[in-house]
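Engineer: Test case, fold it:
(one chain, ligands or ions: 1)
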Amino acid sequence: MSVLPSIGQPVSRLEGHLKVTGGAKYAGEYNIPGLLYGYVINSTITKGKIMKFNTGPAKALPGVIEIFTHENRPSLAWFNQQYADMDAPPGAPFRPLHDDKIKYNGQPIALVVAETFELARYAATIVEVEYEEEVFNTKLEDHLADAHAPAVGLATMLKPLPPKPRGDFESAYAGSFAQVSAEYLHGTEHHNPLELFATTTIYEGEGKLTIYDKTQGTVNSQLYVGNIFGLHFKDIRVISPYVGGAFGSGLRPQYQLFMSVMAALELKRNVRVTLDRSQMFTFGHRPPTIQHTRFGADESGMVTAMNHSAVAETSQFEDYTEVVVNWANMLYPASNTLMEYKLVNLDVYSPLDMRSPGGSTGLHAIESTMDELAYKLNIDPVELRLINYGHTDASMGRPFSSKELKECYLQGAEKFGWSNRNPETRSMRRGNKLVGYGMATGIWEANQLPARAEAMITKEGKLQINSAVTDIGTGTFTVMAQIAADELGLEIDDVIFSYGDSKMPFAPIQGGSFTTSTVGSAIKAAGKALRKKLLKKAVYMKNSVLKGAELDDVMFENGYIVLKNNPSLCVSFQDIIAGNNGKVIKTTNTSFPNVFRLKKYSRATHSAVFVEVEVDEELGIINVTRALTAVAAGKIINPKTARSQILGGMVWSISKVLHEETISDHNLGKYMNQNLGEYHIPVHADIHEMDVIFVEENDTIINELGVKGVGEIGLVGMPPAIANAIYHATGKRINQFPIHLDSLL
Ligand code: MOS
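Structural biologist: Numbers count the residues shown, from 1 in each chain. Predicted structure coming up:
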């Protein structure tokens, strides 16, 4: 009986039931007997020194166990680099409780440990701290003269610096028929996943720890803890099967992990540290940026000169970078280019990758500049993109492994009804609302990293797969089970996937849209090796009906190895296990990206986004009434979870353009809306009709699965599409996000 392929099926997420019924436990929900609770105290000044703690009254409260500060913390690793992690930018990583120096507002400076969370939190409020304040700088606009090229480090491998200038931008721009230039401003954003950051550390005795951590990388947290506290890696087990959203905030170990582990080791007790919502604004953010573009085109619409320059904020201790200005020439083949990217060090915490880091920033500038050019030349915005279609990646001078962006434009425009658009601004109405249609392009990188996976056939004849990878809510668990099922010809119900555990074979941090290609390839490799191993065992069984069979001669179907040219001859997995003296058959394998082949190609996902807005002329209220994203992302393993990824990015796009911003008071050097009451995000009433198309894209180069990843592409093209639609509706080009209604009045 044959099994239908699982890949390509819209399988509902396997852990969905557990999540919606409360059965899925998150890092802060492991109620271990004898658990102690930690509450972190954060600096109320922005820069300076801690002169004195008065912890006496707090410590005297019955039930308060200990208060840790830089004065009584244990001895820790000496060198800055021991505090680095898989996502650390160049520089000296922040070291919690290191010394008396305050580097940013909200810096964790003490941990109160008590019998209950409420007591720890109360005790924290009566700890007095005396500071000596110093002058600080937190405002990007005021320090543009200090902008410098970012330091280069390991992280630069996945985040390339801007491409070198090509041709002669200045003279080509000066001489071009049509010129467009603009400035784009983005504010700070915080990730704000629903699940608060939390770590529950179980002290197992003799320096052994089991750690339930909210993270996007179990091995990343394991290595961090081992390096800092001088423990053997094998004595540290980090577990994180369910993650209630992260969006990049869990790519680096955060300070609650440090605090929880430190207290557990010192007190030899089980300790949980949970951050509260305001503390979620104290460890990384999407950096504010200032961008400038200058595009020049000839009469036919061909863009011949492109300049894209960006300045972004970083901390005083790390040069956080993201890819903002590399995209324009990847998309459009102008031969005169000038791409610049600079950083300003300010007295803030290091920025941190936030979903589509750099791309959702840079593409706004690029695609709104293209939109402006379309009006200037009186060419339809879709047509302008087709005129400038990059069949190869001009910035790197190499072909794409695949690129079905043209189909995205065409299929997207068709389904959206783009042809109903009147090209004039303020020309379309619905009652007292101005209606606007806008479109834009999205592009995001398709990377793969090395990973390992274990595959085994259990005594019951099921397929067990193991990987340290997390599932940050993207559907990884389900998608990996689908890949494994197909590799062994099983129903997905016959696959058990264990993940989110550093004890399992290595997986890198989950992010960068590279998890399906990375861990999927490892699982495919392990599955393939397991097939070989099973066949070998089957062939050498006593009186085997498969005697002499090679891998090409057989099929794996529903728990049997079947001879292709005589399907009545087969051996079941269970019989193979029995023939193996009842022992499970397993294999662990590593997959690497094929770098020698891949370096000849640029690899990216693409999208075309179409948006309709309604703008109330009197009130300035903006509604995104319709949006459609057409995506080319190689093979889609699971159209349901992939669609959810794109929809999530589309909802976030509405948030980014219309709602979301962390407001700073630069006199205090402090974020002023550290709560979900004043940090605006969209609600159901803000979200209307949304549609996703996956365009067929066959990529035989990128990896064996042909997958590119869909985690981030949904948030790249839609922000400029919304801004362009608002321009079409109102005739007002607002280049500062979020776009508030008062800017339209
Ligand atoms: Mo994503 S910003 O790589 O979690």
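Engineer: mind pulling up the phi and psi values for Y184?
Structural biologist: Torsion angles at Y184 (phi, psi; degrees, to the nearest 10) stand at phi -130, psi 130.
Engineer: Please name the bridge partners of it.
Structural biologist: When bridges are taken as DSSP bridges, the partners of Y184 come out as Q291.
Engineer: got the contact list for it?
Structural biologist: T289, I290, Q291, H292, T293, H364, A365, S368, N735, Q736 (CB atoms under 8 Å, 6 or more residues apart in numbering). In this view, the C-beta of every residue, glycine as well, is placed from N, C-alpha and C.
Engineer: Identify, from the residues you listed, the entry nearest to the ligand.
Structural biologist: T289 (15.6 Å; CB to the nearest ligand atom).
Engineer: Could you tell me which of the contacts of Y184 belong to helices?
Structural biologist: Members of those lying in helices (criterion: DSSP state H): H364, A365, S368.
Engineer: residues near the first one, how many?
Structural biologist: H364 is flanked by 30 other residues according to other CB atoms under 10 Å.
Engineer: residues touching it, list them.
Structural biologist: Per CB under 8 Å, 6+ apart, neighbours of H364: Y184, H186, Q291, P719, P720, A723, F737.
Engineer: May I ask which of those residues has the most neighbours?
Structural biologist: Neighbour counts for those, by other CB under 10 Å, peak at P719, which reaches 33 neighbours.
Engineer: Would you confirm that that one belongs to a strand?
Structural biologist: No - the assignment for P719 is helix, going by DSSP: H, G, I helix; E, B strand; the rest coil, so no strand is present there.
Engineer: For it, give its distance to R643.
Structural biologist: 19 Å (CB to CB, to the nearest Å).
Engineer: before we move on, the earlier item: ok, of the contacts of Y184, which come out buried?
Structural biologist: T289, I290, Q291, H292, T293, H364, A365, S368, N735 (16 or more other CB atoms under 10 Å).
Engineer: closest to R531 among the residues you listed?
Structural biologist: Distances from R531 to the buried ones among the contacts of Y184, taken as CB to CB, are shortest for H364 (46.9 Å).
Engineer: hey, where'd the helices end up in the stretch 251-400 of the chain?
Structural biologist: 255-267, 328-331, 359-377, 381-387 (DSSP state H, counting those that start in this stretch).
Engineer: how about these, which one is nearest the ligand?
Structural biologist: Of the helices of the stretch 251-400 of the chain, the one closest to the ligand (CB to the nearest ligand atom) turns out to be helix 359-377, at 9.8 Å.
Engineer: Show me what from this protein comes close to the ligand.
Structural biologist: Contact residues, the chain versus the ligand (CB under 6 Å from any ligand atom): Q216, F247, G248, L251, D353, M354, R355, P357, G511, G512.
Engineer: now do 5 Å
Structural biologist: Taking CB under 5 Å from any ligand atom as the criterion, the chain approaches the ligand at residues G248, D353, R355, G511, G512.
Engineer: And the furthest pair within those residues?
Structural biologist: Between any two of these (CB to CB), the greatest distance is 10.3 Å, for R355 and G512.
Engineer: residues shared between the contacts of those two?
Structural biologist: Shared contacts of R355 and G512, defined by CB under 8 Å, 6+ apart, comprise G711, E712.
Engineer: need the helices of the stretch 251-400 of the chain in JSON lines with mean pLDDT, can you?
Structural biologist: Formatted as JSON lines, the helices of the stretch 251-400 of the chain follow (pLDDT from 0 to 100):
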{"stretch": "helix 255-267", "mean pLDDT": "98"}
{"stretch": "helix 328-331", "mean pLDDT": "98"}
{"stretch": "helix 359-377", "mean pLDDT": "98"}
{"stretch": "helix 381-387", "mean pLDDT": "98"}
